[in-house]
Every structure is written in C-alpha cells, then in structure tokens.
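just a sequence and a predicted model for now, questions to come.
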Amino acid sequence: MRRYGYPAPAAEALNLEPYDESDEDFPMELLGIHHLTAISAQIRSNHHFYTRTLGMRLVKRSVNQDDVSAYHLFYADAKGSPGRGVT
C-alpha cells in the first residue's frame, strides 16, 4: 500500500497506512506553513485589518464551499510569497 504520510487517525479514517517515522524510504520534513485560515463575522473589519493594517492585498473572493452564505477571502503579500497567504 502506498504511504501518504497522514497521521494515524486520518489514515485510519481513509483506510490508509499511517506514516511511520522509522521508515527511511519516506522521510518527512516540514519546512513551513502554506497558509493560515481565520473566520470572521465582520467582513468590512476583516478587509480593513488585512489590507490597511497589515498591508496585504485581497487576491481572491469566492463563496465558502462549507457555508454558501459566507465569503471565502484570500489575502497575500504583493509578491504572492509562499507561506504568506491568509484565507
């Protein structure tokens, strides 16, 4: 079975073999984060904080797939640098 590197609870739920730290054929090294996600009920305050206070830019606005009554906003730095995104 192919190893995906999921933690044991997720692997069990997906019927996959959990990641084994002693497996030298599949080393896993985490070098950083991809993005952060936060929830806010106040869209104007949210937009003001990320764009004016932190200097980020709104790069995408879509409907939240888990709750279609809410927006899913994507902010990033001007360069779109990895690890600098907030949704």
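Perfect, thanks for sending it. Numbers count the residues shown, from 1 in each chain.

do you know how far the nearest residue to residue 77 once chain neighbours are set aside is from residue 51?
Leaving out its chain neighbours, the residue that sits closest to residue 77 by C-beta to C-beta, 6 or more residues apart in numbering is residue 84, at 4.5 Å. The C-beta positions use only the backbone N, C-alpha and C, and glycine is treated the same way. Using C-beta to C-beta, to the nearest Å, residue 84 is found at 14 Å from residue 51.

with residue 59 instead?
Noted for residue 59: a distance of 11 Å to residue 51, by C-beta to C-beta.

are there residues contacting both of those two? Which ones?
Contact criterion C-beta atoms under 8 Å, 6 or more residues apart in numbering; residues shared by residue 59 and residue 51: residue 75.

can you tell me what sits against stretch 72-87?
With C-beta under 8 Å, 6+ apart as the criterion, stretch 72-87 contacts 32-38, 43, 46-47, 50-51, 54-65.

let's see that with 10 Å instead.
31-40, 43, 46-47, 49-51, 54-66 (C-beta atoms under 10 Å, 6 or more residues apart in numbering).
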